[in-house]
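Chemist: Sequence first, predicted model second:
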Amino acid sequence: MLSERQELILGVVVDDYLASGRPVGSKAIVESAELAWGPSTVRSELAALEAGGYLTHPHTSAGRVPTDLGYRLYVESIMLLPTVRPGSSADLEAPPEPEASRFRREVDEAMREATAALSRMTDLLALVVAPPLGTATIHRVEALLLQPDVVMVVAITSAGDVTKRAFTFSAAVDPGLVEWASSYLNESLAGIDLGARRIASRLADPGLDRQEAEFIQRVSPALVDLEQNPGETLYVEGAGRLLDDRRARDLPQIDQLMTVLEQRASVLRMMRSAIDERSVFLWIGGENPQPEMRSVSVVGANYGLGHRNLGSVGVVGPTRMDYQTAIASVSEAARELSTYFENVYA
């Protein structure tokens with residue numbers, strides 16, 4: 001455990017290094033207005049912090065720079081402070097409530113807008129993971145008579161996914177039966193979690209007459225099979241911000257990072273691994289669960305409905321990033337997306 005003095009000195013080193021990108025020497029620390037310790041004391045504490053793995057000593061300079069462990073301690077101290085919302089949070093206002101027939105497009109737009117706004121606010125690469133179908137509930141079901149003998153069943157989930165399936169019958173279908181089926185399916189299934197067993201058991205209603213039961217059994221695959229589609233999408237914005245010349249020194253393995261982002265599967269796995277977290281989560285350098293991304297830091301937060309997380313937002317950047325802005329921005333983005341899904345799909 002660090003002493004209060006060591007924590008203060010570490011904070012000065014990290015702040016100065018984040019601001020300048022240059023190793024911080026003992027002279028700069030001694031000259032700090034907040035500290036009143038002599039050069040020998042500061043040098044001694046810097047040596048202790050380096051021995052503890054919080055700082056490292058580049059060969060090219062007499063100053064120190066933070067290690068992943070040093071950043072971790074610094075970030076944990078930030079997270080104990082009250083969250084200050086970023087000044088441009090208006091960019092993340094929840095979109096208006098969409099009509100049912102436009103769910104998928106509206107959700108896609110909301111995800112893209114949130115990703116772009118988050119990248120602008122942080123000047124980093126932003127990630128937004130849309131809700132996977134497996135965590136969604138059924139929002140609405142429509143049975144439509146396309147032709148006298150063709151019925152289409154449209155299912156809309158709380159994640160905004162729309163699935164359509166047509167069924168051809170051997171004879172003309174009673175339009176009244178189709179209209180009844182829409183009402184019945186909504187009453188029976190609206191709000192329940194996806195899952196073949198749950199849906200099938202809800203549709204096995206002994207109170208239905210023979211004609212109703214046969215019709216429901218005929219169209220039930222459109223609903224029972226919903227969970228077979230994972231429906232998970234990763235939105236990425238701001239890769240160009242990491243390719244900027246001013247980031248070259250902080251991101252020496254940028255080619256490898258771009259390859260991982262292009263493949264996306266490992267990024268999705270990384271973000272979904274923190275889906276149960278209730279607050280901001282982050283990985284600094286070597287802490288990252290994806291080996292290909294251990295040269296960068298990831299700051300993220302989950303969004304969802306009530307006590308269930310649906311997806312996550314995050315930013316990716318060099319370990320020398322503005323963590324305070326990143327934490328505030330992903331928190332704000334997660335809040336706005338939670339509000340969006342609560343207002344539209346709950």
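Modeler: Cool, got the structure. Residues are numbered from 1 along each chain as shown.
Chemist: Give the buried residues for stretch 13-29.
Modeler: 13-14, 16-18, 23-26, 28-29 (16 or more other CB atoms under 10 Å). Any C-beta I mention is one placed from the backbone N, CA and C, and that applies to glycine too.
Chemist: Restricted to strands, list these.
Modeler: Among these, no residue falls in strands (DSSP state E).
Chemist: Pull the most distant pair out of those.
Modeler: The largest separation in the buried residues of stretch 13-29, counting by CB to CB, is between Leu18 and Ser26 at 18.3 Å.
Chemist: CSV please, covering the buried residues of stretch 13-29 and showing distance to Leu243 and pLDDT.
Modeler: Listed next are the buried residues of stretch 13-29 as CSV, based on distance: CB to CB, whole Å; pLDDT from 0 to 100:
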residue, distance to Leu243, pLDDT
Val13, 28, 92
Val14, 25, 94
Asp16, 26, 92
Tyr17, 22, 92
Leu18, 20, 92
Pro23, 25, 91
Val24, 27, 91
Gly25, 31, 89
Ser26, 35, 88
Ala28, 31, 84
Ile29, 34, 86
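Chemist: can you tell me which of the residues you listed are in helices?
Modeler: Counting by DSSP state H, the part of the buried residues of stretch 13-29 found in helices is 13-14, 16-18, 26, 28-29.
Chemist: ok, so of those, who is nearest Ile216?
Modeler: Out of those, the member with the shortest distance to Ile216 (by CB to CB) is Leu18, at 61.1 Å.
Chemist: is it true that that closest one touches Thr319?
Modeler: No. Using CB atoms under 8 Å, Leu18 and Thr319 do not qualify as a contacting pair, with a distance of 9.8 Å.
Chemist: Could you measure from the residue positioned nearest the centre of the chain over to Leu203?
Modeler: The residue lying closest to the centre of the chain (CA atoms, centre = their mean) is Ser312, at 1.7 Å. From Ser312 over to Leu203 the distance is 33 Å, taken as CB to CB, to the nearest Å.
Chemist: Could you list every helix and strand in contact with the helix or strand bottoming out on mean pLDDT in the chain?
Modeler: Least confident helix or strand of the chain, by mean pLDDT, DSSP states H and E, is helix 254-263 with a mean of 78. Judged by 3 or more CB pairs under 8 Å, 6 or more residues apart in numbering; DSSP states H and E, the packing partners of helix 254-263 are helix 239-242, helix 265-272.
Chemist: which outside residues touch it?
Modeler: Applying CB atoms under 8 Å, 6 or more residues apart in numbering, the contact partners of helix 254-263 are 125, 236, 239, 242-243, 247-248, 251, 266-267, 290, 292-293, 295-296, 316.
Chemist: Among these, name the buried ones.
Modeler: Here, 16+ other CB under 10 Å leaves 125, 236, 239, 242, 247, 251, 266-267, 290, 292-293, 295-296, 316 buried among the contacts of helix 254-263.
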